[in-house]
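[1] Predicted model follows, preceded by the sequence.
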Amino acid sequence: MKICFLAMLILSGCSSSLKDKDFQESLDAPDEATSEAQVKAPENLLEKFEVEAIEPKVAAAPAVPSKDKKVSPVVTKKDKTPQIIKPPLPVSLGPKASKLPVDYPEEMQAVNSNAEKVWKNYKPNHFVDEKVFLDIHYMGMTVGKIMVTNRGKKLINGKEVWHFHSRFKSAPFYSNIYEVDDTVDTYVTTDQFLSTRYSLIQRESKQDVDDLQLHDRDQMKTFWFYKQKKSDNTIKNKEKNGHIPYFSIDPFSVLFFFQGLPLKNGDIYHIPIINKAKILILKSEVEGREEIDTELADNVKAIRVHATTRYTGETLKDGDLYFWFSDDKYHRLLKAQAKIKIGSVTADIAEEK
């Protein structure tokens, strides 16, 4: 596994400058490719995980005055303060511990126990409309661009969630050779940062995929639904479910999870990642502080995090992952790198808003 956007593309081609604002703005433009994944799934499950907007509170209408009393007209204004949903549980399994499924694996309980220690270090550190653009480099060439953004708070099954969104597109020069337009949307609870809904859409020259993953902590299970349109226009559907640790997130939201961790030198975090009804353990070690050069500025103070991945009893062969976050209270993503069989794929911050 390569975390989300580093997994999206390993391309080659001619070098190109991605200073074209039109191309960058197209990443955030409404488009069919940015809709949620469309798959075959039970209606009751889709309804439970339906995404709803948080309606702003509306001030109460003024009382109707008596006919013999004159008052100035009052304009009713909308309260822009989002609805506050109190955490249903403290940072622990709480009552859930006694309500685990009968067939819940002991191994999963051990994973959850270790993860709980990580979650106790997490503090919300996210901002609505926070937006970062990164250029994707491979073998010295800029082959695409990715946008990562926080689209604010929504509701799923009565719980308040963050909506994190990302879109990746191949560079215009390369689209004639191999076109990529991939989109990720994930929803994570605002109180405990637990993944609830994950959607991946891949629209590529040789890949047409809709991937939807729903994480139900009432059942302590994940439900994966997959649809692939083949070159002969036939449709291949897959679905699978499996148990999950209570404390777990998806492959994309882990980037935002790092923002809320202390990231002290020497810290090691074992983070359960849910993907395709499997549990992946992301071991992340904060290797230290250093200065790096980015497309925005030189000698930027950064925190380097080295991540390795494994399934239970199986070490993945995709190579190591490195992340660089700003060495300040915001922990903004500055750079990421995935080592592969031939060279490495790098994402480098090009602009932030």
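    Done, it's in. Residues are numbered from 1 along each chain as shown.
[2] low-confidence ranges in the stretch 151-300 of the chain?
    173-176 (pLDDT under 70).
[3] At which residues are the strands of it located?
    Per DSSP state E, counting those that start in this stretch, the stretch 151-300 of the chain carries strands over the ranges 159-170, 180-189, 195-204, 207-216, 221-229, 235-243, 268-275, 278-292, 300-311.
[4] Same list, these, but as JSON lines with distance to residue 44 and mean neighbour count please.
    Where you see a C-beta, it was placed from the backbone N, CA and C, and this is true even at glycine. Putting the strands of the stretch 151-300 of the chain into JSON lines (distance: least, Cβ to Cβ, whole Å; neighbours: other Cβ atoms under 10 Å) gives the following:
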{"stretch": "strand 159-170", "distance to residue 44": "17", "mean neighbour count": "22"}
{"stretch": "strand 180-189", "distance to residue 44": "18", "mean neighbour count": "23"}
{"stretch": "strand 195-204", "distance to residue 44": "15", "mean neighbour count": "23"}
{"stretch": "strand 207-216", "distance to residue 44": "11", "mean neighbour count": "20"}
{"stretch": "strand 221-229", "distance to residue 44": "11", "mean neighbour count": "19"}
{"stretch": "strand 235-243", "distance to residue 44": "14", "mean neighbour count": "14"}
{"stretch": "strand 268-275", "distance to residue 44": "21", "mean neighbour count": "20"}
{"stretch": "strand 278-292", "distance to residue 44": "24", "mean neighbour count": "16"}
{"stretch": "strand 300-311", "distance to residue 44": "30", "mean neighbour count": "18"}
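[5] could you dump those to JSON lines with distance to residue 324?
    Output for the strands of the stretch 151-300 of the chain, formatted as JSON lines (distance: least, Cβ to Cβ, whole Å):
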{"stretch": "strand 159-170", "distance to residue 324": "18"}
{"stretch": "strand 180-189", "distance to residue 324": "21"}
{"stretch": "strand 195-204", "distance to residue 324": "24"}
{"stretch": "strand 207-216", "distance to residue 324": "28"}
{"stretch": "strand 221-229", "distance to residue 324": "30"}
{"stretch": "strand 235-243", "distance to residue 324": "33"}
{"stretch": "strand 268-275", "distance to residue 324": "16"}
{"stretch": "strand 278-292", "distance to residue 324": "6"}
{"stretch": "strand 300-311", "distance to residue 324": "4"}
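[6] Could you say which one of these comes nearest to residue 118?
    Comparison of these against residue 118 by Cβ to Cβ identifies strand 268-275 as nearest, at 4.8 Å.
[7] With just CA atoms, put stretch 160-168 into PDB.
    Below are the C-alpha coordinates for stretch 160-168, written out as PDB (Å, rounded to 0.1, in the frame of the first residue of the first chain):
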ATOM      1  CA  GLU A 160     -20.600  15.200  13.500                       C
ATOM      2  CA  VAL A 161     -17.800  14.400  11.000                       C
ATOM      3  CA  TRP A 162     -15.000  16.200   9.200                       C
ATOM      4  CA  HIS A 163     -15.200  16.000   5.400                       C
ATOM      5  CA  PHE A 164     -11.700  15.600   3.900                       C
ATOM      6  CA  HIS A 165     -11.400  15.700   0.100                       C
ATOM      7  CA  SER A 166      -8.700  15.100  -2.400                       C
ATOM      8  CA  ARG A 167      -8.400  15.100  -6.100                       C
ATOM      9  CA  PHE A 168      -5.500  14.100  -8.300                       C
END
